[in-house]
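*Asks:* attaching a predicted model along with its sequence, questions to come.
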Amino acid sequence: MDQPASRSGVATAAGASVEVAVDPAGWAPLVADVDGAQIVVGGPGTGKTEFLVRRAAHLVGRGVPADTIVVVAFGRRGVADLERRIAAATPPNAPPVAVTTFHALAAGVVETHFADRGWQRPPQILTGPEQAAVVRELLGEEDPQRWSPAMRPLLRTTTFAGEVTDFLLRASEQLLDAADVAAMDRADWRGMRGFMGRYRERLLAAGRIDYGMVLAEAVAILPRHPLDAAYVLVDEYQDTTASQVALLRALAGDGNITAAADPFQSIYGFRGASVENVARFADTFARPGLPARRIVLTTSFRSPVAILRAAERIAGGDIPGAAGPVVPAPGAGRVDLHRFHQQTAEAEWIAAEILRLHLVDGLSYRSMAVFVRSKRRFVAELSRALERRRIPHEPPVSRTLDQPEVRFVLDLVAAATTPESPARTRFIRHILLGPWFGLTLGELRDLERVHGAPTSWTDTLRPRFPELAALLTDASWATDQPAAEGAWTVWSSLPQLAAMATAPEHRTARAAWASLLQVLTRWTDRNPASSLVDYARLLEDEAFEARPLLSYTAPIDARVTVTTLHQAKGLEFTVVFIADAVEGVFPDLRVQDTLLGVRHLLPDVPQDAAGYRRFRLMEERRLAYTAMSRASHRVVWTATATGFEEGRGIPSRFLALAAGTDTVDAAVTTPVDHRTPVTVPEAEGLLRRLAADPEAHWASWGGRPLRLAAMAVLADGSRWGLRPVSRFAGFKPRGPDTGVVTGPLRLSPSQGEQYERCPRRYALERRLAIGASASYHADLGTLVHGVLEAVERRAIKAGAARSTAQEAVAELERRYDGAVFGGEPYATAWRQRAVTILEELYGKWPSGARPVLLEHRLEMAVDGADWLGYADRIEQRAAGLAIVDYKTGSSAPTKAGAAESLQLGYYLLAAGADREVTDRGPVIAAEMWLPWAGRGQRQLMRRSFDPANLPAVFERMKAVAAGVAGEDWTPRPGEHCERCPVRTVCPAQPDGAEGFVA
């Protein structure tokens, strides 16, 4: 056997290292040379983990006691994988080698030696929400004078509690205590210096500890109580934090440690991991007389040339400690890059391609995976596409609530606690299309036509689904009841769920629900004050290994893996899809700095804004590299975007890098249209296309014209599992203008103003949903209104007159999703507009009046029509109550126009008849605040209603109600016609008139 080649001489000084490059044929002697500090580096698929497995097996075979070998994996999935592989590589009767995570190892140390660190008993580890609750409680007791002036108004807010919780975790990861933080002498950390000490005292008294502290405590304990660890093996060393490196140093001492790493797969810098740890390994584990050894694995067992080179182009540059060039695995490999114009089309194509690969190419479902940057955007759509094809799949982290039958609990919680908005509509769509309601798209569309201001979703659903409407009306089951009780309320309220108890076909759903309720019961025992909302927030936390002490259980059956890019670490598949690769989503370059500037705790993170952005981009590039290198044969990138020129964003810049082209447009292609159907619905679709194609008449199949053959099969479709012809959609004859308004007449002030402007456009857009489409301006308005409602509600609870620009911008950062605004470069511009609106508003706040009601529902009946509107803000002024309507657009009404505004007038009329309002005082004013339209002015732009116009507004409301009830849709031409989206179907316009010729 060839001996491995040494690329540098042996050095004896502490901190020096010997580097050895080795191909697979030269592994054996290196695996057997187990002494000292060694770091195994290599590119994707070079066998770094396999090297650790073989070394563990060699140690066991050499007679080293298994209980003196410690193997540390990055996460739960890594633990399960290493345990399985080491067990397979050792004799059946050999004692098992311990494989653990950093947190589990540290927890064991602390539980054994708790008294050394001041605990009266082994401390209980806090979950994320539990830690946030402790921090929030402690902040509520703080003296504001201890904190910087900028932080004082925030002390009792949930948002700031989350910021402080994150600060505490990151400080522990960097082994920083209160004295270290004080030495940094940052003004905004003034309050944290003393708070860290008080927080530790509170945990000591309560016998509890958080995930960050457990590592720091173990590091402090091990020098006095070392473990009997003769050999330490560590996987994924490139993602270690300062506390994890210190734990390994304390564990191994001057003994034997072997770490495996690929700096190009370092993807957790945002959580305090440092890629520099790989380059520093020799210094960290220096041993006099025995320099560290650096073993470079040169050959990939997994990544063929096309995939490897594409991944390397994305990763770019060089990193200290990297392995250098990698010899690709045999085979060419393949990288495809596709663009779609609708997210639904993207999800449907991926699902169809997975099914085709399974049925035609014979790939196991287990050998395919779909990776996404964020599970909040695309996974639900993809999951439904997979479920429609009955493709088994493993969603991110394999949680109970990711079971299709139970997942709607999250949507139900979100729908019940989200105000009327596009976001709430999305949640309700998921519920209605899911397995427990099973609406068709046509049935859902019928409900959506009924829904819309002033008809809420609750009112829309009540006639058909009264139990669901009741849950949406009163959300106390989600917000106030303990989590387990809330789940039982859902179970007992929805009759659909009762069938689950006995029906044989619901066996899987029954097991999932039982598991959910058991988990919630245990969680409620530990957190009696926490609701389903709190539990949902915990589940939606995207931080990988958020619960590092739990064990991972792999699915028994073959499933497609659907997971996030971060969770893809350590996995291997034949085909990998990287979906939803849209600029603004991936790479995710959103500014993620916090009010406290937590990133300044991390020594290897750049402090300046430009450097930090470069740091983020490089980590996102490494994330793409890691994801691509999971595939052994094919990688498929997909993105939904319509291009720069249409203003809807562009595919990720990574697609051009993967393809090696100058532009994204040159990189992307249209997916191959596989004409051969592989499922019954696809076969039916093909037959129907042939039957409708005149050209198919001249082609033949089996001696018959192809078109007639297709018709014959469709007519006899029941033999093949096709739908009866009677169920095919057809065409309806054109109907009259009447019949548009059905059921009780419900209107809103914005509808009233739109009807006054043009009844025809109102009917088409608001009643028939023709031409009406979402816009970025509307999305921005919804976003800003949601931010203002959230921060002002917290201000009310804190007893403050109003919130602050800092708090509002922080809330904006938590809610902002750049992909909603078309990705880059648009996302940055829209975000800056939102920031400017908030800063203009709070910087020029016009009064010291206190808010009394926010997003208050105002109802009023006029001549048989029910009117409904929502007042953004009702505040208490010296002379009475004033209604405020936020306007985020760039156009401002004239003072005369605002003085007779139907919307402001309605608010005054309806508020004057609302006891909840008038019990707080007389309603004296209604006005618009226009921070964007008035930017640059010295004072906030406002427009006020003239109460003298109330009688006229009341008459106008009656006229609108009469016109809508009478279905008078007569067009009213004007200047607005030039930009009207429905002019092509308007009889008053030349380009629409021909459609109405008798």
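*Replies:* All right, it came through fine.
*Asks:* and the residue nearest to Ala415 when sequence neighbours are not counted, which of the three is it?
*Replies:* Leaving aside its sequence neighbours, Ala415 sits nearest to Phe427 (C-beta to C-beta, 6 or more residues apart in numbering; 4.0 Å). Backbone N, C-alpha and C define where each C-beta goes, glycine included. Under DSSP: H, G, I helix; E, B strand; the rest coil, Phe427 falls in the helix class.
*Asks:* I'd like to know how far Phe427 sits from Gly889.
*Replies:* 27 Å (C-beta to C-beta, to the nearest Å).
*Asks:* more neighbours: the two, which one.
*Replies:* Neighbour totals were compared for Phe427 and Gly889, and Phe427 leads with 23 against 12 (other C-beta atoms under 10 Å).
*Asks:* pull the contacting residues for the residue nearest to Ala415.
*Replies:* Neighbouring residues of Phe427 by C-beta atoms under 8 Å, 6 or more residues apart in numbering: 411-412, 414-415, 418.
*Asks:* determine the longest helix present in this protein.
*Replies:* Counting by DSSP state H, the longest helix found in the chain is helix 776-798.
*Asks:* tell me the buried residues in that one?
*Replies:* 776, 779-792, 794-796 (16 or more other C-beta atoms under 10 Å).
*Asks:* what is the helix or strand hosting Pro951 packed up against?
*Replies:* Per DSSP states H and E: Pro951 is located in helix 950-965. Here helix 950-965 touches strand 746-747, helix 749-757, helix 759-762, strand 850-862, strand 865-876, helix 902-912, going by 3 or more C-beta pairs under 8 Å, 6 or more residues apart in numbering; DSSP states H and E.
*Asks:* now that helix and helix 749-757, what's the angle there?
*Replies:* Calculated by axes from the mean of the first three to the mean of the last three C-alpha atoms, to 10 degrees, helix 950-965 forms an angle of 80 degrees with helix 749-757.
*Asks:* just the pLDDT for the residue nearest in space to the middle of the chain.
*Replies:* For the chain, Arg376 is the residue whose C-alpha lies nearest the centre (C-alpha atoms, centre = their mean; 3.2 Å). For Arg376, the pLDDT comes out at 74.
*Asks:* and for Ala610?
*Replies:* 82.
*Asks:* how about Trp436, secondary structure?
*Replies:* Assigned by three-state DSSP, the conformation of Trp436 is coil.
*Asks:* hang on, it packs against Leu497?
*Replies:* Yes. With contact defined as C-beta atoms under 8 Å, Trp436 reaches Leu497; the gap is 6.9 Å.
*Asks:* distance of the residue nearest to Ala415 from Ile578?
*Replies:* According to C-beta to C-beta, Phe427 and Ile578 sit 26 Å apart.
*Asks:* flag the shaky bits of the stretch 851-998 of the chain, pLDDT-wise.
*Replies:* 990-998 (pLDDT under 70).
*Asks:* go again with 50.
*Replies:* Per-residue confidence for the stretch 851-998 of the chain (pLDDT under 50) gives these ranges: 994-998.
*Asks:* likewise the chain?
*Replies:* Within the chain, the segments meeting pLDDT under 50 span 1-15, 397-399, 542-553, 643-648, 731-733, 994-998.
*Asks:* quick check: domain ranges of it?
*Replies:* Annotated domains of the chain cover 5-110+227-302+315-329, 124-206, 333-378+558-674, 405-541, 680-727, 776-962 [automatic domain parsing].
*Asks:* of all these, which lies closest to His976?
*Replies:* His976 lies closest to domain 776-962 among the domains of the chain, at 12.0 Å (C-beta to C-beta).
*Asks:* for Glu394, name its beta-bridge partners.
*Replies:* Taking DSSP bridges as the rule, Glu394 bridges to Thr561.
*Asks:* quick one, helices of the stretch 451-600 of the chain?
*Replies:* With helices called from DSSP state H, counting those that start in this stretch, the stretch 451-600 of the chain shows them at 457-461, 466-473, 476-479, 483-493, 495-498, 507-526, 532-539.
*Asks:* tabulate those helices in JSON lines, adding columns for mean neighbour count and distance to Leu138.
*Replies:* Listed next are the helices of the stretch 451-600 of the chain as JSON lines, based on neighbours: other C-beta atoms under 10 Å; distance: least, C-beta to C-beta, whole Å:
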{"stretch": "helix 457-461", "mean neighbour count": "21", "distance to Leu138": "38"}
{"stretch": "helix 466-473", "mean neighbour count": "18", "distance to Leu138": "35"}
{"stretch": "helix 476-479", "mean neighbour count": "18", "distance to Leu138": "23"}
{"stretch": "helix 483-493", "mean neighbour count": "19", "distance to Leu138": "23"}
{"stretch": "helix 495-498", "mean neighbour count": "13", "distance to Leu138": "40"}
{"stretch": "helix 507-526", "mean neighbour count": "16", "distance to Leu138": "19"}
{"stretch": "helix 532-539", "mean neighbour count": "20", "distance to Leu138": "18"}
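*Asks:* which helix or which strand is home to Glu19?
*Replies:* Using DSSP H and E, Glu19 maps to strand 17-22.
*Asks:* hmm, who's touching stretch 670-689?
*Replies:* 336, 338-339, 349, 352-353, 355-356, 359-360, 389, 710, 713-714, 717, 720-723, 728.
*Asks:* filter the residues you listed down to the buried ones.
*Replies:* If we count by 16+ other C-beta under 10 Å, the contacts of stretch 670-689 have these buried: 336, 338-339, 349, 352-353, 355-356, 389, 710, 713-714, 717, 722.
*Asks:* which one of these sits closest to Gly848?
*Replies:* Gly848 lies nearest to Arg339 out of the buried ones among the contacts of stretch 670-689, by C-beta to C-beta, at 52.4 Å.
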